[in-house]
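Visitor: quick one: sequence plus predicted model below, questions after.
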Amino acid sequence: MRHLLATFVSIFLLFVGPCAAQPDSSTKIDQYIKAEMRRQQIPGLLLAVLRNGKIALVKSYGFSNVEHQVPVKPETLFQSGSIAKQFTATAVMILVEEGKLSLDDKISKYFADAPESWKNITVRHLLTHTSGMGDYPPDMDTRRDYTEDQYLAIIKSVPLAYQTGAKWDYSNLGYVTLGILIRKVTGKFYGEFLAERVFQPLGMTTARVISEADLVPNRAAGYRLVKGELKNQEWVSPSTNTTADGSPYFTISDLAKWDAALYTDKPLKQSSLAQMWTPVKLDDGVRKTYSFGWHTDEMHNRRIVYHGGAWQGFKSFIVRFPDDKLTIIFFANLWDTKEIKLARGLIANFYPEFALPLAQPIEDKEPKVTASVRRV
């Protein structure tokens, strides 16, 4: 629901190159974004380029609300989707630093009535999508309000898809479980914990968990395409909108402050961040390009840390090149946005190797037939 397809990893990394970042061209970025927005029918988009933890470029395009013709502004608030998983993982790591839980704790320690199939699942497995948990049941009613206990009962009812630690498979339910675990350890809703320990200390003043009831200034509306026509996003219940797999709102300013903090020891020590950015190894020793709430990899001696999100008419993306201290972030208010293509095109302004190669023409083995068809 709130994640990029797993196939993104191989597609994205295919175009990583060894060259140093080149100076960005605002004009080229403008042209590229506007062309893609027309092509993909994206109503609104907000983009930022950060260097050395500071905003180097912010660009806003189109409308945050089509019905009322409200333009996207730098302060527009977007739903984040799964880029918020890095914040859930951060909350867990804060508790690890404080000695309140361990990455290798069995989660049955915190869930007394855990099913037998959970006996080998650790906190680390949940963070890295290697627990064996599947995703939301297809018959789950997202318009229904669930209590936390009811959510947990749903998660318990879903059979493990594979043996814990044997493979990697993206699981939103694993991160929902982490949110419930955070409450069990702290006594606080995970969103409240994030506000107190991450958002407020870092000055992320507009970051917050989704609320359809509250009056939220500068909130963007989300959209989807139905037979090529723009429609409002589907409504979901308040409880479905507040789970720890991806429910916060962010502005570019919020994520810029977050990016800057990742170069410091707040809210986490650099040693904890190093753990968060270490790719997981399966039980058979195979390394996967996922860590704690981030996709991570190293190619051509360059580290790449990234994640995307998709939820309720929105797409989001953050990619960091830590060694170059370059970060690119964008939000779009269309569910159908091809965020991988957008990201690759944007990165190509700094690392040309990310650009898709031009397709080579296929040799025409029957030119006479082709010529006759073209005359029809």
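Guide: Thanks, I have it. Residues are numbered from 1 along each chain as shown.

Visitor: going forward, measure contacts and count neighbours with C-alpha atoms only.
Guide: Will do.

Visitor: just for the chain, where's the confidence low?
Guide: Applying pLDDT under 70 to the chain picks out residues 1-25, 299-300, 356-376.

Visitor: strands of that one, start to end?
Guide: Per DSSP state E, the chain carries strands over the ranges 44-51, 54-65, 70-71, 78-79, 208-209, 223-226, 229-232, 248-250, 295-299, 302-311, 314-321, 326-332.

Visitor: out of the ones you listed, which is the most enclosed?
Guide: When you average the neighbours per residue for each of the strands of the chain (mean count of other C-alpha atoms under 10 Å), strand 78-79 leads with a mean of 30.

Visitor: still on that earlier bit, which among the strands of the chain is found nearest to Gln200?
Guide: Ranking these by their distance to Gln200 (criterion: C-alpha to C-alpha) puts strand 208-209 first, at 10.1 Å.

Visitor: neighbouring strands of the closest one in the sheet, and parallel or not?
Guide: Strand 208-209 pairs in its sheet with strand 248-250 (antiparallel), by DSSP bridges.

Visitor: so what touches the strand it pairs with?
Guide: Identification of contacts with strand 248-250 by C-alpha atoms under 8 Å, 6 or more residues apart in numbering yields Leu77, Phe78, Gln79, Ser80, Gly81, Ala84, Thr206, Ala207, Arg208, Val209, Ile210, Thr242.

Visitor: give the contact list for the nearest residue to Ser237 once chain neighbours are set aside.
Guide: Of all residues beyond its chain neighbours, the one nearest Ser237 is Arg143 (4.6 Å), with distances taken as C-alpha to C-alpha, 6 or more residues apart in numbering. Each residue near Arg143 by C-alpha under 8 Å, 6+ apart is listed here: Trp235, Val236, Ser237, Thr240.

Visitor: show me what contacts the one residue sitting closest to the centre of the chain?
Guide: To find the centre residue of the chain, average its C-alpha atoms and take the closest one (C-alpha atoms, centre = their mean): that gives Ile83, at 2.6 Å. Remark: with contacts taken as C-alpha under 8 Å, 6+ apart, Ile83 is in contact with Gly246, Gly293, His307, Gly308, Gly309, Ser316, Phe317, Ile318.

Visitor: any of the contacts of Arg143 buried? List them.
Guide: Neighbour counting by 16 or more other C-alpha atoms under 10 Å classes Thr240 among those as buried.

Visitor: now, among the contacts of Arg143, which is nearest to Lys119?
Guide: Taking C-alpha to C-alpha as the measure, Thr240 is the one of these closest to Lys119, at 26.8 Å.

Visitor: what's around the nearest residue to that closest one once chain neighbours are set aside, how many residues?
Guide: With C-alpha to C-alpha, 6+ apart as the measure, Thr142 is the residue that lies nearest to Thr240, at 6.1 Å, once sequence neighbours are left out. When counting by other C-alpha atoms under 10 Å, one arrives at 16 neighbours for Thr142.

Visitor: go on, Ala161?
Guide: Burial measure for Ala161: 13 neighbouring residues, criterion other C-alpha under 10 Å.

Visitor: next up, the contacts around the nearest residue to it once chain neighbours are set aside.
Guide: Nearest-residue entry for Ala161: Gly132, 5.2 Å, with adjacent residues in sequence omitted and distances by C-alpha to C-alpha, 6+ apart. Counting by C-alpha under 8 Å, 6+ apart, Gly132 touches Leu160, Ala161, Tyr162, Gln163, Thr164, Gly165, Ala166, Lys167, Trp168, Asp169.

Visitor: if anything else comes up later, I'll come back, but that's it for now.
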